[in-house]
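[1] Any chance you can model this:
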Amino acid sequence: MPEAYDAKPASFEAIQRQVLDSAGMHVVLPEYNGSFPGVLKYFVDLLRFPQSFEHKPAAFVGVAAGVWGGLRAVEQLQMVFGYRNAHVFPDRVFIPTVAQKFPADGRPIDPQLDERLARQARAFAQFCGLFKRS
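    Now for the predicted structure:
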């Protein structure tokens with residue numbers, strides 16, 4: 001839908017507002033065919049440029065069925081966020097063989113993974129505080 005780049009769908013405005021009003025973006029993304037899903041790129045493309053990511057903190061968690069835990073997807077999306085002038089949080093979390101790590105309730109089976117995610121979330125909240133907008 002190339003026309004969506006010029007005229008955003010009205011239904012997207014609420015999502016756009018959430019992005020603009022957020023203190024930061026904590027992105028959990030799956031690796032899909034060695035990259036991030038195309039629909040995620042489309043989502044990013046629909047967001048207003050440059051204000052959606054301009055000086056906004058962003059943290060990343062990669063998940064994948066394979067052994068690298070979404071490393072390629074995260075690194076590629078970090079380049080997009082960097083291009084859009086986001087402040088990329090350096091502490092990333094990668095979750096390999098993701099289907100084996102989370103039961104139906106969504107909580108990690110591995111307590112060390114749970115702690116890594118919690119530690120990243122706490123540190124990212126502090127990082128976001130460094131870039132408060134007035």
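
[2] Tell me, how many residues neighbour the closest residue to residue 22 other than its chain neighbours?
    Residue nearest to residue 22 in three dimensions, not counting chain neighbours: residue 56, with 7.3 Å by CB to CB, 6 or more residues apart in numbering. Heads up, the C-betas are built off the backbone N, CA and C, glycines and all. When counting by other CB atoms under 10 Å, one arrives at 21 neighbours for residue 56.

[3] For residue 89, list the residues it contacts.
    24, 57, 58, 59, 60, 123, 124, 127 (CB atoms under 8 Å, 6 or more residues apart in numbering).

[4] Find the nearest non-adjacent residue to it, please.
    Per CB to CB, 6+ apart, closest to residue 89 is residue 59, 4.0 Å.

[5] and the gap between the one you found and residue 106?
    19 Å (CB to CB, to the nearest Å).

[6] Residue 72 too?
    Residue 72 is 24 Å from residue 106, by CB to CB.

[7] now do residue 58
    Per CB to CB, residue 58 is found 23 Å from residue 106.

[8] Could you check which of those two is surrounded by more residues?
    Shown here are residue 58 and residue 106; by other CB under 10 Å, residue 58 has more neighbours (22 against 6).

[9] who touches the strand or helix carrying residue 81?
    Applying DSSP states H and E as the criterion places residue 81 in helix 71-83. Contact partners of helix 71-83, identified using CB under 8 Å, 6+ apart, comprise 27, 29-32, 34-36, 40-41, 44, 53, 58, 60-62, 64, 88, 92, 94.

[10] Mind checking what helix or strand follows it in sequence?
    The helix or strand immediately downstream of helix 71-83 is strand 87-88, counting by DSSP H and E.

[11] And the lengthiest helix in the chain, what's buried?
    Across the chain, the longest stretch assigned as helix under DSSP state H is helix 111-129. For helix 111-129, the neighbour count (16 or more other CB atoms under 10 Å) marks 116, 120, 124, 127, 128 as buried.
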